[in-house]
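Student: just coords:
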């Protein structure tokens, strides 16, 4: 399995930006970086994915290091509804699976 | 609300019961997945179906039996479960099972309790 490493937990103040880091030093050239989040009592929710270039969508931004060995999920203004476990996952090309790591539990402080 | 619907939301069953979990999606996705999630742990992959054929079984005990009747439906048949099988069972789908830029869409799961 392609491995990722994330901090176990992070805190952020409400309405401030949040930068969630992920290391994936064993990434292969065709692996995509996916981010999911899981709110309490819900299934995981897709957030964003990217290959090499930085990506933006309505939920977040994904900044990918030039060597692709790390990435950062950016929430531009944290709200209480963003409190969740955030998972950084490598989706391996041609492999019919998606394995979750331990994720980062984000606490948003009012 | 999600586009992947799982029923029932909650299920309590005895160790001798037979029950089934159901999952449905109408997004035209061709890959469907079952995951198991214990409390405060990440989801663990159990099975993957691609184009209605079982492509991955992550060494799951035979008391769990998946079935994909058509491209929109995925079932998980349960028989002779143990209390340690109590968990949240999540279904997911993706447009493609093998394309790495194809995200998964998850349902909100069935909370299973085995007594």
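Tutor: Received it, and whenever you're ready, just let me know what you need. Predicted, not measured: the structure shown is a model, and the values here were computed from it.
Student: what residue lies at the spatial centre of chain B?
Tutor: Among the residues of chain B, the one closest to the centroid is residue B:34, at 2.9 Å (Cα atoms, centre = their mean).
Student: and it, what does it touch?
Tutor: Taking Cβ atoms under 8 Å, 6 or more residues apart in numbering or on different chains as the criterion, residue B:34 is in contact with B:23, B:45, B:46, B:47, B:66, B:74, B:76, B:89, B:90, B:91. For the C-beta atoms, the positions are set from N, CA and C on the backbone; glycine is no exception.
Student: Rebuild these as TSV, extending it with distance to chain A.
Tutor: Below are the contacts of residue B:34 laid out as TSV (distance: Cβ to the nearest Cβ, whole Å):
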residue	distance to chain A
B:23	11
B:45	6
B:46	11
B:47	10
B:66	14
B:74	14
B:76	15
B:89	10
B:90	5
B:91	8
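Student: Could you take those and lay them out as JSON lines, with extra columns for pLDDT?
Tutor: Shown next, in JSON lines, are the contacts of residue B:34 (pLDDT from 0 to 100):
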{"residue": "B:23", "pLDDT": "98"}
{"residue": "B:45", "pLDDT": "95"}
{"residue": "B:46", "pLDDT": "97"}
{"residue": "B:47", "pLDDT": "96"}
{"residue": "B:66", "pLDDT": "98"}
{"residue": "B:74", "pLDDT": "98"}
{"residue": "B:76", "pLDDT": "98"}
{"residue": "B:89", "pLDDT": "98"}
{"residue": "B:90", "pLDDT": "98"}
{"residue": "B:91", "pLDDT": "98"}
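Student: farthest-separated two in those residues?
Tutor: The largest separation in the contacts of residue B:34, counting by Cβ to Cβ, is between B:23 and B:45 at 14.6 Å.
Student: Nice, that's everything, thank you.
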